[in-house]
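> how would this look folded up:
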Amino acid sequence: MKTFVCSICGHISFEYAPVECPVCGMSIENFDNDPAVIKIPPDPANLTDLEKKHIPQIVIDKQCSLIEEGCINVSLMVGAEEHVMESEHFIKYIDFYLDTKYVSRFVLTPKLIHPAACFHMNMVEGKIAAIAHCNVHGNWMTELDLQQKEH
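Have a look, this model is predicted:
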């Protein structure tokens, strides 16, 4: 799969570069094809300590806490072992996608917040993907079918 990266804000687009970046609004000229932009563990069954602290963990709750019908909670924490949030090393943002289409970006502040996000989706099927951007170690992604409970 092709991955295009905005040189201004780091937004990743799959398959093609958008005419305009959905995060920062910059034009298609600011996107570069970079197949190595997302770090993928070579052996998902035997993660290193670095991988355990960077791969997003998604949990789906089909009983939404705010809206009764047609809504699910999507929660995420970066790392099976929580990633640090210090000034010199932190998760800068988390981007969410539904079936490779951009949904939202959560910007995180070091020291003040955990590397986590939660939102309410009005979709109940498809594949959700999350990309966590570490300011030191780059982009890490996980995917989960909305019909599953957690990954």
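> Going by C-alpha atoms from here, please, whenever you check contacts or count neighbours.
Noted.
> Residue 38 and residue 139 touch, don't they?
Yes: shown here, residue 38 and residue 139 form a contact pair, counting by CA atoms under 8 Å, at 4.9 Å.
> Read off the pLDDT value for the most far-flung residue of the chain relative to its centre.
Taking CA atoms, centre = their mean as the measure, the residue most remote from the mean C-alpha position of the chain is residue 68, 25.8 Å away. In the prediction, the pLDDT value recorded for residue 68 is 70.
> where's the residue lying closest to residue 110 once chain neighbours are set aside relative to residue 93, distance?
Closest residue in space to residue 110, ignoring its immediate chain neighbours: residue 85 at 4.7 Å, by CA to CA, 6 or more residues apart in numbering. Distance of residue 85 to residue 93, given as CA to CA, to the nearest Å: 11 Å.
> and residue 38 and residue 139? which has more neighbours close in?
Between residue 38 and residue 139, residue 139 has the larger neighbour count (other CA atoms under 10 Å), namely 24 against 16.
> contacting residues around that one?
When contacts are counted by CA atoms under 8 Å, 6 or more residues apart in numbering, residue 139 touches 37, 38, 39, 131, 132, 133.
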